[in-house]
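S.K.: Provided below are the primary sequence and the corresponding predicted coordinates.
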Amino acid sequence: MLNDPRSHGLWEKTAPQPPATKPLTGQVAADVVVVGGGYTGLSSALHLAEAGSSVVLLEANEIGFGGAGRNVGLINAGMWVMPDDLPGELGTVHGERLLELLSNAPKLVMELIDKHSIACELERNGTLHCAVGPQGLKEIEERAWQWSKRGAPVTVLDAGETERRVGSSAYAGALLDMRAGTLQPLAYARGLAHAVVKAGVAVYTGSRVISTEKSGTKWVVSTDSGKVSANWIVVATDAYSTGPWEQVRNEQVHLPYFNFATVPLGDNLSKSVLPGREGAWDTKEVLSSFRMDQAGRLVFGSVGALRNTGLAVHKSWARRSLRKLFPQLGDIPFECEWYGKIGMTDNALPRFHKFAPNVVGFSGYNGRGIAPGTVFGKVLAGHILGHIPEADLPLPLTDIIEPSFRTVKEMWYEAGAQAAHFVGARV
């Protein structure tokens with residue numbers, strides 16, 4: 001995509017092909033028009049179509065172009081915010097409702113993969129939140145306690161068990177979450193797109209929305225070469241929003257995140273690094289993540305953008321960090337490199353917006369797009385179908401407010417990550 005190997009990296013190299021699509025031309029009509037071909041839009045379209053609604057999906061670029069095709073591929077439960085803090089942020093009703101929904105979100109992802117036979121390298125062996133030092137151990141112990149009292153299958157592993165599962169002695173322990181797992185994120189998005197087309201959704205790519213207007217009881221959504229008339233609009237553009245809903249992008253601070261993928265490790269080395277294929281990340285403020293793909297490549301990432309001086313700085317840091325974390329790998333070469341943007345809200349929680357009557361959307365996944373995006377898409381379908389009244393949604397209705405000094409914060413994140421990686425190795 002974009003004729004740039006650093007836009008989608010390994011995922012574009014190894015994902016199955018998407019369904020054949022083309023730009024919208026002329027005028028079409030539907031019950032619902034979904035704008036955005038990522039996890040939320042695809043899930044919403046799929047669940048609406050399976051319930052009998054006629055649906056048109058418009059994607060400005062290609063399926064999985066935004067965060068869906070650039071992320072790490074961790075199917076996480078919950079958000080970054082500690083479970084007990086959500087009721088304080090959202091109120092008791094919405095806080096507990098959101099916790100329950102997101103706790104079960106990875107299950108929905110895996111059920112859809114099974115139901116539609118999506119080839120996306122799914123691993124169901126959980127994730128490891130790795131503790132760096134005593135403070136990191138304290139953090140994961142508190143998170144485990146808060147989830148355990150809600151019945152979640154989470155366990156704190158000691159340093160020895162963590163070393164056995166990770167293949168490194170760098171950590172004081174780890175939180176094992178058996179609700180979670182990993183997948184090939186672009187392959188999952190493209191698999192959902194195939195399921196959407198099979199369900200009868202008309203999918204148009206290369207179809208950027210340039211305007212919307214009300215015509216009687218209908219909404220008319222215009223692209224460069226066509227129009228869709230519909231009763232409802234689902235806005236599923238999130239951190240990569242442009243055009244009529246650029247305000248969604250502007251309420252989020254973009255945090256750049258990169259990944260490097262090694263060449264396949266081979267049988268011997270693969271047995272010593274994440275032999276159980278869990279996805280992992282650490283408790284550092286400038287965090288790092290790592291997981292294996294199906295071919296045995298180690299995917300290793302952190303905060304930062306692979307552009308300008310950042311490319312050399314972050315690549316050098318990644319090499320130093322891998323040698324320290326997994327000395328058995330030696331100077332293993334990188335096969336792919338890429339980066340994207342995480343949309344961060346001011347309280348690290350997602351949003352529900354009603355842009356106009358019958359124009360709705362969720363956004364602000366804060367780096368947790370796979371499971372929340374999928375389950376929020378289903379929720380939007382239920383809301384449009386009349387099964388989930390607004391009062392029963394998992395999030396309250398919020399106004400869009402642009403954070404103060406957004407551009408300055410984004411520059412600071414990118415420069416700060418470079419500074420941190422210039423002077424330090426990972427552990």
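M.R.: That came through fine.
S.K.: how long is stretch 263-276 from one end to the other?
M.R.: End-to-end distance of stretch 263-276 (CA to CA, to the nearest Å): 19 Å.
S.K.: is Ala189 in a helix, a strand, or coil?
M.R.: helix (DSSP: H, G, I helix; E, B strand; the rest coil).
S.K.: residues touching it, list them.
M.R.: By CB atoms under 8 Å, 6 or more residues apart in numbering, the contact list for Ala189 reads Gly37, Gly38, Tyr39, Leu42, Ile63, Gly64, Ala68, Gly69. Heads up, the C-betas are built off the backbone N, CA and C, glycines and all.
S.K.: how deep is the last one tucked in, by neighbour count?
M.R.: A count of neighbours around Gly69, defined by other CB atoms under 10 Å, yields 27.
S.K.: repeat for the fifth one
M.R.: Residues near Ile63, counting by other CB under 10 Å, number 27.
S.K.: repeat for the third one
M.R.: The number of residues packed around Tyr39, counting by other CB under 10 Å, is 30.
S.K.: thought it was touching Ile370?
M.R.: Yes - counting by CB atoms under 8 Å, Tyr39 does reach Ile370; the two are 6.2 Å apart.
S.K.: so for those two, which residues contact both of them?
M.R.: What both Tyr39 and Ile370 touch, as defined by CB under 8 Å, 6+ apart, is the set Ala68, Tyr188.
S.K.: list the contacts of the closest residue to Ala105 other than its chain neighbours.
M.R.: Closest residue in space to Ala105, ignoring its immediate chain neighbours: Ala371 at 3.6 Å, by CB to CB, 6 or more residues apart in numbering. Shown in contact with Ala371 (CB under 8 Å, 6+ apart): Ile75, Asn76, Ala77, Leu102, Ala105, Pro106, Leu108, Val109.
S.K.: between the residues you listed, which is nearest Arg320?
M.R.: Nearest to Arg320 among the contacts of Ala371, counting by CB to CB, is Asn76 at 27.2 Å.
S.K.: which residue packs closest to the residue nearest to the spatial centre of the chain, ignoring adjacent ones?
M.R.: A centroid search over the chain (CA atoms, centre = their mean) returns Gly369, at 2.4 Å, as the residue closest to the centre. Among residues not flanking Gly369 along the chain, Gly67 sits closest, at 5.0 Å (CB to CB, 6+ apart).
S.K.: could you measure from that neighbour over to Thr237?
M.R.: From Gly67 across to Thr237, the span is 10 Å (CB to CB, to the nearest Å).
S.K.: how far away from the center of its chain is the strand or helix carrying Ala45?
M.R.: Using DSSP states H and E, Ala45 falls within helix 39-50. In terms of CA atoms, centre = their mean, to the nearest Å, the centre of helix 39-50 is found 16 Å from the chain centre.
S.K.: phi, psi for the residue nearest to the centre of the chain please.
M.R.: phi -80, psi -30 (degrees, to the nearest 10).
S.K.: got the contact list for it?
M.R.: Gly38, Tyr39, Gly67, Ala68, Asn71, Asp238.
S.K.: and the two most separated of those residues?
M.R.: Asn71 and Asp238 (11.9 Å).
S.K.: which one's more surrounded, these two?
M.R.: Neighbours per residue (other CB under 10 Å) separate Asn71 from Asp238, with Asp238 holding more: 28 against 23.
S.K.: quick one: the helices in the stretch 101-250 of the chain, in order.
M.R.: Residue ranges of the helices in the stretch 101-250 of the chain, as given by DSSP state H, counting those that start in this stretch, are 105-115, 133-148, 159-166, 185-198, 246-250.
S.K.: and the contacts of Ala371 as TSV, adding pLDDT and distance to Leu183?
M.R.: Output for these, formatted as TSV (pLDDT from 0 to 100; distance: CB to CB, whole Å):
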residue	pLDDT	distance to Leu183
Ile75	98	6
Asn76	96	11
Ala77	95	14
Leu102	96	17
Ala105	98	13
Pro106	98	10
Leu108	98	13
Val109	98	8
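S.K.: related to what we said a few turns ago, send the alpha carbons of the helix holding Ala45 over as PDB?
M.R.: This file holds the C-alpha atoms of helix 39-50, laid out as PDB (Å, rounded to 0.1, in the frame of the first residue of the first chain):
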ATOM      1  CA  TYR A  39     -12.300  -3.800  12.200                       C
ATOM      2  CA  THR A  40     -15.200  -1.600  13.400                       C
ATOM      3  CA  GLY A  41     -16.600  -1.000  10.000                       C
ATOM      4  CA  LEU A  42     -16.200  -4.500   8.800                       C
ATOM      5  CA  SER A  43     -17.700  -6.000  11.900                       C
ATOM      6  CA  SER A  44     -20.600  -3.600  11.900                       C
ATOM      7  CA  ALA A  45     -21.300  -4.300   8.200                       C
ATOM      8  CA  LEU A  46     -21.100  -8.100   8.700                       C
ATOM      9  CA  HIS A  47     -23.500  -8.200  11.700                       C
ATOM     10  CA  LEU A  48     -25.900  -5.800  10.000                       C
ATOM     11  CA  ALA A  49     -25.900  -7.900   6.700                       C
ATOM     12  CA  GLU A  50     -26.300 -11.200   8.600                       C
END
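S.K.: can you list contacts of that helix?
M.R.: Contacting residues not belonging to helix 39-50 are listed as 31-32, 34-35, 55, 57, 59, 63, 68, 112, 188-189, 192-193, 195-196, 199-201, 203, 234, 236-238, 361-362, 369-370, 373-378, 380-382, 384-385 [CB under 8 Å, 6+ apart].
S.K.: show me what counts as buried in it.
M.R.: Within helix 39-50, the residues that qualify as buried are Tyr39, Thr40, Gly41, Leu42, Ser43, Ser44, Ala45, Leu46, His47, Leu48, Ala49, counting by 16 or more other CB atoms under 10 Å.
S.K.: which residues does stretch 401-421 contact?
M.R.: Residues beyond stretch 401-421 that count as contacts (CB under 8 Å, 6+ apart) turn out to be 247, 250-256, 286, 302-305, 309-310, 313-314, 316-317, 346.
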